[in-house]
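Participant: No sequence on hand, only this structure:
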């Protein structure tokens, strides 16, 4: 039977991004696993890697020092296309890898074994891989060991996801969203790729709780979150900052794209069917981050734009006049 999730790249990226682990620092909790696997398999390098749209991101690596590579040179990009441990006994004798710069140069990969990191719903996020600078086979016991440890890594991802997710809406927690924002500012400082921030809250939400009760308020919050997740891109971040206040991070977006996204979200929220309460609306602030923006300045600008939207009568989208002028 055809395993369609091995070829569903859009679905795989949708499964990967909510874990919130692509950017930022390596994951210390995986250091013990990679060090142990390296020793047990007697290899010089062991790593946990994730495959994003165009890059390979290492969350833990022992034996070599690199944070990420392009996806087109990643051995693990081949691993995510299978359910089994992928083994390359000699990369110089394999047409897929013999000209690969990771083979012809540092770290001089000759043999590789990678176990896919499979989510509970069946998507491969990346791989736990063992790498040697000499040709070798990885026997049945080696492969079983890699599969067991790869499952432990996914379990840890799941625990992290629960810790960094709002239970009711599935949105990123305030802490996780802040970390995603910090990572976006770091990327902006490195390559000037740009980023936009949307902040919105639900208009007169307190009345819903007061008149119809908190269960109805929870239903509204869940419905709003579902609409937002359906609209934003796989690489965007959606967070709940508290109460009825949410935010969306749009990496690589300028003001035109951000305003268009905000308007789509506003219209979708307004169109949510009312069950007991009146139709729900939301007010949006929008701010793009010019170079050298601090996170505090960015949030101050988007909050000011949000309050301007409220002053205009709510249920509208307002771009920042602070950072727009500074840019």
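Facilitator: That came in fine, so what should we check first? Since we're looking at a predicted model, the values are computed, not measured.
Participant: From now on I want contacts and neighbour counts done on CA atoms only, so please keep to that.
Facilitator: Fine.
Participant: any idea which element the residue with the largest distance to the centre of the chain lies in?
Facilitator: Distance from the C-alpha centroid of the chain, by C-alpha atoms, centre = their mean, peaks at residue 211 (37.2 Å). Per DSSP states H and E: residue 211 is located in helix 205-212.
Participant: Go through that helix and flag the buried ones.
Facilitator: Burial within helix 205-212, assessed by neighbour count using 16 or more other C-alpha atoms under 10 Å, is assigned to 205, 208.
Participant: on contacts alone, who are the packing partners of that helix?
Facilitator: Counting contacts by 3 or more C-alpha pairs under 8 Å, 6 or more residues apart in numbering; DSSP states H and E, helix 205-212 is packed against helix 214-231.
Participant: Name the residues that touch the helix or strand just after the helix it packs on?
Facilitator: Going down the chain from helix 214-231, the next helix or strand is strand 237-242, by DSSP H and E. If you take C-alpha atoms under 8 Å, 6 or more residues apart in numbering as the criterion, strand 237-242 is touched by 18, 166, 169, 171-174, 176-177, 180, 228-229, 246-250.
Participant: relative to helix 214-231, how tilted is strand 237-242?
Facilitator: Counting by axes from the mean of the first three to the mean of the last three C-alpha atoms, to 10 degrees, strand 237-242 lies at 160 degrees to helix 214-231.
Participant: ok, and for strand 237-242, which residues are buried?
Facilitator: Buried residues in strand 237-242, counted by 16+ other C-alpha under 10 Å: 237, 238, 239, 240, 241.
Participant: swap in stretch 81-93?
Facilitator: Neighbour counts over stretch 81-93 (16+ other C-alpha under 10 Å) mark 81, 83, 85, 86, 87, 88, 89, 90, 91, 92 as buried.
Participant: what does that stretch rub up against?
Facilitator: With C-alpha under 8 Å, 6+ apart as the test, stretch 81-93 has contacts from 6-7, 78-79, 94, 97-99, 103, 109-116, 124, 134-138, 143, 146-147.
Participant: Using TSV, lay out the buried residues of strand 237-242 together with distance to residue 47 and pLDDT.
Facilitator: Compiled in TSV, the buried residues of strand 237-242 are given as follows (distance: C-alpha to C-alpha, whole Å; pLDDT from 0 to 100):
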residue	distance to residue 47	pLDDT
237	26	91
238	29	94
239	30	94
240	32	94
241	34	93
